[in-house]
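Engineer: No letters, just coordinates:
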Ligand SMILES: [Zn+2]
């Protein structure tokens with residue numbers, strides 16, 4: 001995984017503006033989740049259209065409780081926001097091929113597998129959540145992964161985690177390395 005600080009030209013700034021607006025929408029969408037531990041929202045965007053959405057929760061028809069009784073742990077059948085967005089598009093006439101996934105927190109390993117298989121080409125997220133292995137997997141699959149950080153009222157691109165892709169953003173300074 002490569003994480004870099006970026007300097008942008010006009011086109012890249014416009015893309016950042018779009019990315020940050022969609023990301024803000026995922027944060028609002030996360031409010032739909034009835035999970036108490038963490039609310040996560042996701043949007044799938046293709047050709048500037050939102051083709052699917054999701055937030056973390058139990059499958060349709062199950063009670064709206066994410067946590068095990070008396071334990072600070074999610075039930076094993078809780079679906080993550082990304083999985084809900086991807087499976088929702090599977091039931092529609094749309095295709096996630098080539099889409100961008102916006103999600104409030106970085107995808108876990110399980111969701112990253114789904115993201116790769118769904119043909120998603122870009123992932124934009126707002127904050128890192130615990131393990132980095134999911135993001136590492138996306139990076140290995142050649143998916144462009146962008147970490148947008150909120151500083152005050154402004155979003156800033158702080159990371160791009162795919163070294164090989166034709167990126168929207170020019171990579172200038174190595175911020176953190178590994179992978
Ligand atoms: Zn997940």
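Structural biologist: That came through fine. A quick note: this is a predicted structure, and the numbers were derived from the prediction, not measured.
Engineer: Return the residues of the chain in contact with the ion.
Structural biologist: Selection of the chain residues close to the ion by C-beta under 5 Å from the ion yields 80, 108, 111. Quick note: C-beta positions are derived from backbone N, CA and C, even for glycine.
Engineer: which stretches of this protein form strands?
Structural biologist: Applying DSSP state E to the chain gives strands spanning 3-6, 41-46, 49-55, 100-105, 122-127, 144-151, 154-160, 171-176.
Engineer: buried stuff in the fifth one?
Structural biologist: Same thing as strand 122-127. Within strand 122-127, the residues that qualify as buried by neighbour count (16 or more other C-beta atoms under 10 Å) are 122, 123, 124, 125, 126.
Engineer: What distance do you get for the residue of the chain most remote from its centre to residue 58?
Structural biologist: The outermost residue of the chain relative to its centre, with distances by C-alpha atoms, centre = their mean, is residue 70 at 29.6 Å. Distance of residue 70 to residue 58, computed by C-beta to C-beta, to the nearest Å: 17 Å.
Engineer: what's the burial count for residue 72?
Structural biologist: 8 (other C-beta atoms under 10 Å).
Engineer: contacting residues for the spatially closest residue to it that is not a sequence neighbour?
Structural biologist: Leaving out its chain neighbours, the residue that sits closest to residue 72 by C-beta to C-beta, 6 or more residues apart in numbering is residue 37, at 6.6 Å. Taking C-beta atoms under 8 Å, 6 or more residues apart in numbering, we find residue 37 in contact with 66, 67, 72, 74.
Engineer: can you check residue 25 too?
Structural biologist: Contact analysis of residue 25 by C-beta under 8 Å, 6+ apart lists 41, 43, 50, 102.
Engineer: Just the buried ones from these?
Structural biologist: Buried members of these, scored by 16+ other C-beta under 10 Å, are 41, 43, 102.
Engineer: Show me what residue 41 is bridged to.
Structural biologist: residue 55 (DSSP bridges).
Engineer: what's the answer for the one 5 residues further on, then?
Structural biologist: According to DSSP bridges, the partner residues bridging residue 46 are residue 49.
Engineer: one step back: now, among the contacts of residue 37, which is nearest to residue 115?
Structural biologist: residue 74 (19.6 Å; C-beta to C-beta).
Engineer: Can you read off the pLDDT for the closest one?
Structural biologist: At residue 74, the model reports a pLDDT of 86.
Engineer: Check whether it really touches residue 66, as I assumed.
Structural biologist: Yes - using C-beta atoms under 8 Å, residue 74 is in contact with residue 66, at 5.3 Å.
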